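*Asks:* just to be clear, the model below is a prediction. Sequence and coordinates:
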Amino acid sequence: MSFRLAVLSDLHIDREADRDSWELAAEAFAAVARHGPDHTVIAGDTFDSASALERDCERVERRLRRDGLWHRDRLSVIVGNHDIFHTPHRGSPWHRARELARSVTADAQESYDLFTEWIADLVPRRARFWPDDPFPFCKDLGDLGLLGADTTGSDTAHSVNGYWRNREDAAARRIATGKRRVLAVHHPPERDDERTVVGQLVKGYAFGFPDNDFDRLQDFAEDVALDVIACGHIHVGGERSWTVARRTRVFRAGETGGVHGAIPSFLMLEIPRRGAVRCRRVRI
């Protein structure tokens with residue numbers, strides 16, 4: 001008997017900037033519900049900006065409840081960089097300029113606190129390491145231990161790269177459990193340059209983890225015997241599946257929101273009690 005884990009990512013919802021983003025997200029939630037997974041992960045960037053989080057989180061929750069997904073045993077939502085920073089992909093040039101301007105004065109910690117308050121019911125205290133912060137968490141789902149962690153930067157300048165901090169690493173090691181273990185994060189576990197937003201514009205984009213953070217994450221995967229890392233962040237191109245450490249399979253599901261011309265889809269992972277994990281991509 002296999003555990004069926006659905007993985008969505010990068011919905012980039014913003015009804016004000018792009019109403020179609022909401023329509024596509026609603027279709028995605030309904031499609032996942034029809035497939036009846038044992039659990040669903042949204043691996044970051046549910047919203048296109050911190051402003052969209054403020055405006056749309058209640059509507060998203062109502063829709064997930066309607067589809068029978070909003071329950072701690074059925075759903076986990078991971079924080080992504082767009083959820084807490086004002087760096088949108090969608091909207092008019094005026095809308096994007098306004099959001100970027102907010103980045104100068106906005107406090108990412110306030111947006112992070114709003115996000116974690118929104119998902120609080122989905123992460124019971126017994127699954128947490130820190131009582132007042134849901135990340136990292138580890139849900140005991142029978143044979144499966146589902147870890148969720150925050151890989152976002154701490155400020156807008158470093159909002160694109162992923163980070164695996166000592167604090168996150170130490171806490172996640174303490175709570176990891178399960179015969180099969182899955183880690184859900186937003187950023188793909190790849191070694192990449194560390195670049196500020198300005199550096200991205202000058203030198204090109206970098207999406208993965210700086211050297212020290214990548215090495216720390218890879219050691220974590222090896223030491224706690226991760227079977228799978230589920231992630232998102234990259235919408236088109238690149239590898240969709242690869243291996244880190246000696247045995248940890250990575251599955252990337254960054255296309256759900258159809259951003260940058262991607263064909264909207266989500267992943268369905270079949271995780272048996274032992275043996276290889278199978279993955280299929282479901283178009284929406």
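*Replies:* Yep, it's here. The model shown is predicted, which means the values in this text are computed figures rather than measured ones.
*Asks:* contacts for the helix or strand hosting A221, please.
*Replies:* Element membership of A221, judged by DSSP states H and E, is helix 211-223. Identification of contacts with helix 211-223 by CB atoms under 8 Å, 6 or more residues apart in numbering yields 162-166, 169, 172-173, 183, 189-192, 208-209, 226, 229, 244-246, 248. For every residue, glycine as well, the C-beta is placed using N, CA and C.
*Asks:* please enumerate the helices of this protein.
*Replies:* Assigned helices in the chain, in chain order: 19-35, 50-66, 81-84, 93-105, 108-118, 166-175, 197-203, 211-223 (criterion: DSSP state H).
*Asks:* tell me which of these lies nearest to T156.
*Replies:* Closest approach to T156 among the helices of the chain (CB to CB): helix 93-105, 4.4 Å.
*Asks:* tell me what the closest one is packed against?
*Replies:* Applying 3 or more CB pairs under 8 Å, 6 or more residues apart in numbering; DSSP states H and E, one finds that helix 93-105 makes contact with helix 50-66.
*Asks:* put the alpha carbons of the helix it packs on into CSV.
*Replies:* Below are the C-alpha coordinates for helix 50-66, written out as CSV (Å, rounded to 0.1, in the frame of the first residue of the first chain):
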residue,chain,number,x,y,z
ALA,A,50,2.8,39.9,0.3
SER,A,51,0.0,42.3,-0.7
ALA,A,52,-1.8,39.4,-2.4
LEU,A,53,-1.4,37.3,0.7
GLU,A,54,-3.2,40.1,2.7
ARG,A,55,-6.0,40.4,0.2
ASP,A,56,-6.6,36.8,-0.9
CYS,A,57,-5.7,34.4,1.9
GLU,A,58,-9.2,34.2,3.3
ARG,A,59,-10.7,33.5,-0.1
VAL,A,60,-8.1,30.8,-0.7
GLU,A,61,-8.8,29.2,2.6
ARG,A,62,-12.6,29.1,1.9
ARG,A,63,-12.0,27.4,-1.5
LEU,A,64,-9.7,24.8,0.1
ARG,A,65,-12.3,24.1,2.8
ARG,A,66,-15.0,23.8,0.1
